[in-house]
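[1] Pasted the sequence and its predicted model underneath.
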Amino acid sequence: MSTQSDTHYLEAKGFYNWFFSVDHKRIGLMYLAAILFFFVLAGMAAMLVRLELLAPGEQFIDRHGYNVAFTLHGAMMVFLFIVPGIPATLGNFCLPLMIGAKDVAFPRLNLLSFWIYVLGAAIVVMSLIGPPGEAWLDTGWTLYTPYSVESSSGVIPVTLGVFILGFSSILTGLNFAVTIHKMRAPGMTWHRLPLFVWALYSASLIQILATPVVGITLLLLIMERSFGIGFFTASLGGDPILFENFFWFYSHPVVYIMILPAMGVVAEILPVFAKKPIFGYRAIAYSSLAIALVSFFVWGHHLFVSGMSNWSRWVFSLLTFAVAIPTAIKVFNWISTLYKGSIQLDSPMLYACAFIFLFTIAGLTGLPLATLATDVHLHDTYFVVAHFHYTMQGGTVIGLLAGLHFWFPKIFGKMYNEKRARVGFWMLFVGFNATFMPQFILGYMGMPRRYFDYLDQFADLHFMSSIGGFVNGLAYLFILGNLIHGIIKGTAAEKNPHGSLSLEWTVPSPPPLTNFDEIPEVHDWTYGYGNEQHA
Amino acid sequence: MDKILFNGLSELGTHVDRVHVFIIAIMAFCFIACNAVLIYFMLRYRRKGPDDVTASIKGNHLLEAVWTIIPTIVVLIVFVYGVRVWGDMRKPPENAMTINVTGVQWAWRFEYPDGRIEAEDLYVPAGQPIRLNMVSNDVLHSFFIPELRVKEDVVPSQYTHLWFQADYEGVYNIFCTEYCGDNHSYMLGKVHALGPEAWDRWVRRVPDPDAVQLSPAERGAKLYSKWGCLGCHSTDGSPNIGPTFKNLMGRSESFADGSTVVVDENYIMESIKQPNAKIVAGFKPDQMPAFEGQLSQQDITDLIDYIKTLNE
Amino acid sequence: MSEPGTFFHLHEEDPVEAYENFKLGMWIFLATEVLLFGGLFAAYFIFKFIWPTVFEDGSSHLNKFMGGLNTLVLIFSSFSMAMAVDAAQRGQQKKLVRNLAITLFFALCFIVVKGFEWGPKLSHGITPGSDVFFSVYYMTTGLHLLHVLVGMSFIGLLLARALKGRYHEENFGGVEIGGLYWHLVDIIWIFLFPLLYLI
């Protein structure tokens, strides 16, 4: 039963030893494989969208096909890739190691949540691409009523799949919250916790509190379509706008489920590669909680032009601005961490710095969307598209890649090719900005989103954006190829190649199955870098 | 290419663009300041060797207080500025001309006070404030005139409003910006702002004999007698079983529980569909049948337009 | 073929630690349940505000007697569940089995009464699609019914395990957590009953 520390978790082979494994590291790795698979799939849908938008008029697919493509892209990216994203992969792998525990609080529940994810994902994918007799889903990932009640496509199975995925998300959040509360090693006080753990904790709270609300919303949508109940149907006294309210009550906090863990990853990487203590530890930790809390009260900014009362519009505008402050604090703290450091620009650090760069754009372009007078013009235009891609791709995906490169030696016990990793990084950085910078201008010009065809005046910028999009897509293939090459052919990694002080780097790479032979005792916080002699 | 901002087509649009520019300036400043420091640090403190001395700074309360307070003040200023300009966008001037807009998959339909119906092209006199009273016949739509900086969703069973004023003659785009199905990107239209003469000509244009029809208010008047509204609702101000329709629109009605409401299109629609939802103080409930499902959205809009004509 | 770390080869956990984790986990889960119903309660208040008369009218069609009866049934079941937890903590086997059986019986009564309530309504054409009140009514009570069913399987499992003598002074966590869940099901009904039937 007990394991020796010389057998590491990757040694077990065979389907059974993985698919029935309760080990958090194996589960994290299985999640990683699954979400990257859906990432590539959803990315292909995005390529199709950009292909179609190369020039005005019909290019490669017809208008219905286009609507299906952007629905596929959005639904798969959000529900299958980015929501489980960092917590279920890097979080699962690192959390117990970072707090000095042998596993999460409920290992079996952890496995169950992965199975539920697989089940939900299978249902979503099968029904997105059309079960026999049903058309491909074309409602957009937001599933707005009444269109989603009337659409002839497979709304019910997709909704059911997303509903099931919600359970997976709730269980992961619940598991992490209990783990962080109860499983910390002796001496690992709240104020010694790595900031990635703080970020995971805040994200878990959102998963626990927001997911049930979208659960009930989706259930209502299913009932609406199958039993004709009238929550969202105007002719029965229901209110189609209520769906929007319910939907965004979940889906806005979810943005922070996506971004908070990425912020946590960045806060781990910066001190290691700058050899400096993190600047303003408590401010960063508490601002994660503050963002999580405020995120529940800002959903209304998605409804600024939806016919909501004037009174609620300005209240939601004010509340939305409240999110800007903890976010700004984080950015300032990250940058200050670099001051008087010794900065090594390896690929994880490049990604972390790019995260800050892109995230300032993402955050700042939120200002005109939170402001009532300017949002009216920009609402539902390409400005919004660019804004949220800067948060989700420029923020979360870059954060995920930063973390993947950072913990790669720990996860796989191998090293990737650093030179190619940097080439991939620059390809992505250039491609990404070339895709979405023009879309900000398109937004100011009034180009609406989800348009299959557009007026000639928008053609040049769309063309630029498409070319950037293809570079963006190629960059991902290059980066993932390099990582896969590293798994197969990489050189063996040391225990602690980056010189980090965090607990996960005190165990061998890859870690043994039970993580620690003996639960470690913690005497200091995680960020005791800096070697300046005090007078 | 036309100027993206400050096209000078409407006064309100210019106000909005000032807010845009104000925020763009803030964005540019913050972006450049943050990233200049970031890149400077990245270059200045690059690792020279394994023995580099690094500072052990863990934080600085004064600095952290400063960069909490300053962003708070900045966003508050942006918020207040935004709300002020937006307030004007939500208040149509007194002399605004109301045009009914119906969104259907996938076209816009405009109905003028005189009964003229236009599809896709909205003709308005330049320099005249126009208020749109909008409702959808099917799914959600959104009415957007980018050049004039106005947009509002068009919702089934609820009237939504926006107003604009095109200061100069010209033709401007209308886009639908709420995804509504296959032809969403073809749910387009044009606003034609006409000069005084052209507008006159357009108004006087002899209608096609086949197209001669009643104005919405006239149709509403017919519905008023057809459905027997006059039995309970007078048009001369005298109270009957129900409140009078005279001067109803814009009147402040108070209810048994002491609450009050200023009568608008949505209130009248609710009272037609579900009369018992709100009972004006001094009247009895259960006197009027619910017309939910009996009258079409068009009928309700017509009745409301008729009621509007009873204001002095 | 199976190696350590797979489903049935979990590394050993400290029972006290496991019990505490389990309990905190259940409390968090209950929070998610409250929010699940929270959405419906929000819809209830919004629609009641918009359509007060539809709600008055719909409410008058509900059978107050049966609703009240079910409220009593659930309160008694909650009581017997509390007794079961107490018995488990004291290691009183017989009392535990008896109280779990009583709870299960009351839960079954609840479902039977619900059947008598829904049956005639549905056959008279009062369906979830009748109006917004009945949409709310069927949705809330239906979801609650689903929770009663889940709770019954939970209690059934506890009963089967209790019959095998699995619970004693040092291992009563399962019963306690089952009790927490059942009390939640009960409390949700205590909110639903006056909102739908009385107000």
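    Structure received. These numbers were taken from a predicted model, which means no experiment stands behind them.

[2] Nearest residue to the residue in chain C that chain B sits nearest to in space, ignoring adjacent ones along the chain?
    Distances between chain C and chain B by CB to the nearest CB are smallest at residue C:53, namely 3.7 Å. Backbone N, C-alpha and C define where each C-beta goes, glycine included. Ranked by CB to CB, 6 or more residues apart in numbering or on different chains and with sequence neighbours excluded, the top spatial neighbour of residue C:53 is residue B:276, at 3.7 Å.

[3] Residue A:250 too?
    residue A:214 (3.4 Å).

[4] Do you know the pLDDT at the one you found?
    The model reports residue A:214 with a pLDDT of 88.

[5] Burial check on it, number of neighbours?
    The local packing of residue A:214 (other CB atoms under 10 Å in any protein chain shown) involves 23 other residues.

[6] Contact partners for the residue of chain C closest to chain B?
    Counting by CB atoms under 8 Å, 6 or more residues apart in numbering or on different chains, residue C:53 touches B:274, B:276-277, B:285.

[7] I'd like those residues written out as CSV, with neighbour count, pLDDT and secondary structure added.
    Shown next, in CSV, are these (neighbours: other CB atoms under 10 Å in any protein chain shown; pLDDT from 0 to 100; DSSP: H, G, I helix; E, B strand; the rest coil):
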residue, neighbour count, pLDDT, secondary structure
B:274, 19, 79, coil
B:276, 17, 79, helix
B:277, 18, 78, helix
B:285, 13, 79, coil
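
[8] between these, which is closest to chain C?
    Proximity of the contacts of residue C:53 to chain C (CB to the nearest CB) peaks at residue B:276, which lies at 3.7 Å.

[9] from memory the closest one sits against residue B:287, does it?
    No - Residue B:276 is not in contact with residue B:287 according to CB atoms under 8 Å; the separation is 9.1 Å.

[10] which of the residues in the helix or strand hosting the residue nearest to residue A:250 are buried?
    Per DSSP states H and E, residue A:214 falls inside helix A:195-227. Neighbour counts over helix A:195-227 (16 or more other CB atoms under 10 Å in any protein chain shown) mark A:195-225 as buried.

[11] so after that helix, what's the next helix or strand?
    helix A:240-274.

[12] Quick one: distance of the following helix or strand past that next one to the chain centre.
    Downstream of helix A:240-274, the first helix or strand assigned by DSSP H and E is helix A:281-294. The chain centre lies 18 Å from the centre of helix A:281-294; the measure is CA atoms, centre = their mean, to the nearest Å.

[13] how about the helix or strand just after helix A:281-294, does it get close to chain B?
    The first helix or strand that comes after helix A:281-294 along the chain, using DSSP H and E, is helix A:310-337. Yes - judged by CB under 8 Å from any CB of the partner chain, helix A:310-337 and chain B are in contact via A:310, A:313-314, A:317-318, A:321, A:324-325, A:328-329, A:331-333, A:335-336.

[14] Of these, which is the nearest to residue C:17?
    The nearest member of these to residue C:17, counting by CB to CB, is residue A:333 at 34.9 Å.

[15] And the residue in the stretch 301-450 of chain A that chain B sits nearest to, how far from residue B:145?
    At 2.5 Å from chain B, residue A:446 is the closest residue in the stretch 301-450 of chain A, using CB to the nearest CB. To residue B:145, residue A:446 is 8 Å away according to CB to CB, to the nearest Å.

[16] Next up, the contacts around residue B:248.
    Applying CB under 8 Å, 6+ apart, we find residue B:248 in contact with B:263, B:268, B:307, B:310-311.

[17] at 7 Å instead, please
    B:263, B:307, B:310 (CB atoms under 7 Å, 6 or more residues apart in numbering or on different chains).

[18] Sort out which one of these lies nearest residue C:164 for me.
    Closest to residue C:164, out of all of these and judged by CB to CB, is residue B:263, at 70.4 Å.

[19] what about residue 105, helix or strand, and which?
    Defaulting to chain A. Per DSSP H and E, there is no helix or strand for residue A:105.

[20] not quite, I wanted chain C
    For residue C:105, the enclosing helix or strand under DSSP H and E is helix C:93-123.

[21] which element follows that helix toward the C-terminus?
    helix C:132-163.

[22] For residue 74, which non-adjacent residue is spatially closest?
    Chain wasn't specified; assuming chain A. With CB to CB, 6+ apart as the criterion, residue A:74 has its nearest non-adjacent residue at 3.4 Å, and that residue is residue A:141.

[23] Sorry, I should have been clearer: chain C.
    Closest to residue C:74 by CB to CB, 6+ apart is residue C:186, at 4.8 Å.

[24] Helix C:93-123 and the one helix or strand that neighbour maps to, what's the angle between them?
    Residue C:186 is part of helix C:173-193, with elements assigned from DSSP H and E. In terms of direction (axes from the mean of the first three to the mean of the last three CA atoms, to 10 degrees), helix C:173-193 departs from helix C:93-123 by 30 degrees.

[25] what comes into contact with helix C:173-193?
    By CB under 7 Å, 6+ apart, helix C:173-193 touches C:19, C:22-23, C:26, C:30, C:33, C:37, C:67, C:71, C:74-75, C:78, C:81-82, C:84-85, C:88, C:103, C:140-141, C:144, C:147-148, C:151, C:154-155, C:158, C:161, C:167.

[26] buried stuff in that helix?
    Per 16+ other CB under 10 Å, helix C:173-193 contains these buried residues: C:173-189, C:192-193.

[27] Also stretch C:112-119?
    C:113-114, C:117-118.

[28] just for the chain, where's the confidence low?
    With no chain named, the answer covers chain A. Scanning chain A with the threshold set as pLDDT under 70 gives A:1-6, A:130-134, A:533-535.

[29] should've been chain B
    Checking chain B against pLDDT under 70 turns up B:1-2, B:206-212.

[30] what do you get if the cut-off is 50, keeping everything else the same?
    Along chain B, the model assigns pLDDT under 50 to residues B:1, B:209.

[31] any chance you could map the strands in it?
    B:97-104, B:107-111, B:117-119, B:121-125, B:130-136, B:141-145, B:150-154, B:160-164, B:170-176, B:189-194, B:252-254, B:260-262 (DSSP state E).

[32] Tell me which of these approaches chain C most closely.
    In terms of CB to the nearest CB, the element of those nearest to chain C is strand B:260-262, at 12.8 Å.

[33] residues of that closest one that come out buried?
    Buried, per 16+ other CB under 10 Å, within strand B:260-262: nothing.
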